[in-house]
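Visitor: I would like the atomic coordinates for the input below:
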Amino acid sequence: MGSPRGVVGIALALVVLALTGCAAGSLPSSGPLAVYPRPDAGMDALLEGELAIVDDCLVIRQEDGALAVPVFPAGDASWAEGVLQWRDGEYREGDTIAVGGGFSGGAMTSAYIPQGCEGIGLFAVSPF
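Guide: Next comes the predicted model:
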């Protein structure tokens with residue numbers, strides 16, 4: 001069997017391929033919230049940390065200080081008046097959050113990614 005890194009790489013490639021086949025025109029721009037077309041399934045890596053807004057981009061600041069952009073499936077999360085609504089919870093800047101999914105190894109061409117997120121790793125949040 002392949003290494004865990006290889007398995008994650010293959011799974012990530014499949015998700016990216018699936019995402020590039022979706023139409024980006026139907027995605028709402030959600031301020032600092034990044035979204036992608038809703039898939040039928042997702043990965044299950046865990047990303048946890050503190051929500052922060054950096055350059056008009058909603059990020060998760062991990063314990064080691066690294067930043068990641070949680071990219072939510074369209075329709076699973078919303079952002080209004082400084083509040084992220086996701087999975088029956090409300091989260092504000094400074095709150096701790098944990099999301100499942102996986103890091104995107106490349107561009108998520110069919111996703112809405114705010115300009116301020118440029119250069120920060122993208123984490124595709126699994127649908128629920």
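Visitor: switch to C-alpha atoms for all contacts and neighbour counts from now on
Guide: Fine.
Visitor: who's in contact with the spatially closest residue to F103 that is not a sequence neighbour?
Guide: In space, and not counting its chain neighbours, F103 is closest to F123: 4.2 Å by Cα to Cα, 6 or more residues apart in numbering. Contacts here follow Cα atoms under 8 Å, 6 or more residues apart in numbering; on that basis F123 touches A68, V69, P70, V71, G101, G102, F103, S104.
Visitor: What strand or helix carries F123?
Guide: strand 121-125 (DSSP states H and E).
Visitor: list the contacts for the residue nearest to the spatial centre of the chain?
Guide: Centroid check for the chain by Cα atoms, centre = their mean gives V71 as the closest residue, at 2.0 Å. By Cα under 8 Å, 6+ apart, V71 lies in contact with L33, A34, V35, Y36, I113, L122, F123, A124, V125.
Visitor: so it sits in a strand?
Guide: Yes - per DSSP: H, G, I helix; E, B strand; the rest coil, V71 lies within a strand segment.
Visitor: Beta-bridge partners for it, please?
Guide: A34, A124 (DSSP bridges).
Visitor: what does L84 give?
Guide: Bridge pairing for L84 - DSSP bridges - gives W79, Y91.
Visitor: Just give the number of residues close to it.
Guide: By the criterion of other Cα atoms under 10 Å, L84 has 19 neighbours.
Visitor: measure it to G105 for me?
Guide: Distance, L84 to G105, using Cα to Cα, to the nearest Å: 25 Å.
Visitor: returning to that earlier point: where's the residue nearest to F103 relative to A107, distance?
Guide: In terms of Cα to Cα, F123 sits 11 Å off from A107.
Visitor: Provide the backbone phi and psi angles at Q115.
Guide: phi -60, psi -40 (degrees, to the nearest 10).
Visitor: Pull up the per-residue confidence for it.
Guide: At Q115, the pLDDT value in this model is 92.
Visitor: Please apply the same query to A13.
Guide: 37.
Visitor: Isn't V99 up against A124?
Guide: No - in this structure V99 lies outside contact range of A124 using Cα atoms under 8 Å: 9.4 Å.
Visitor: These two: which has the busier surroundings?
Guide: A124 (30 against 19).
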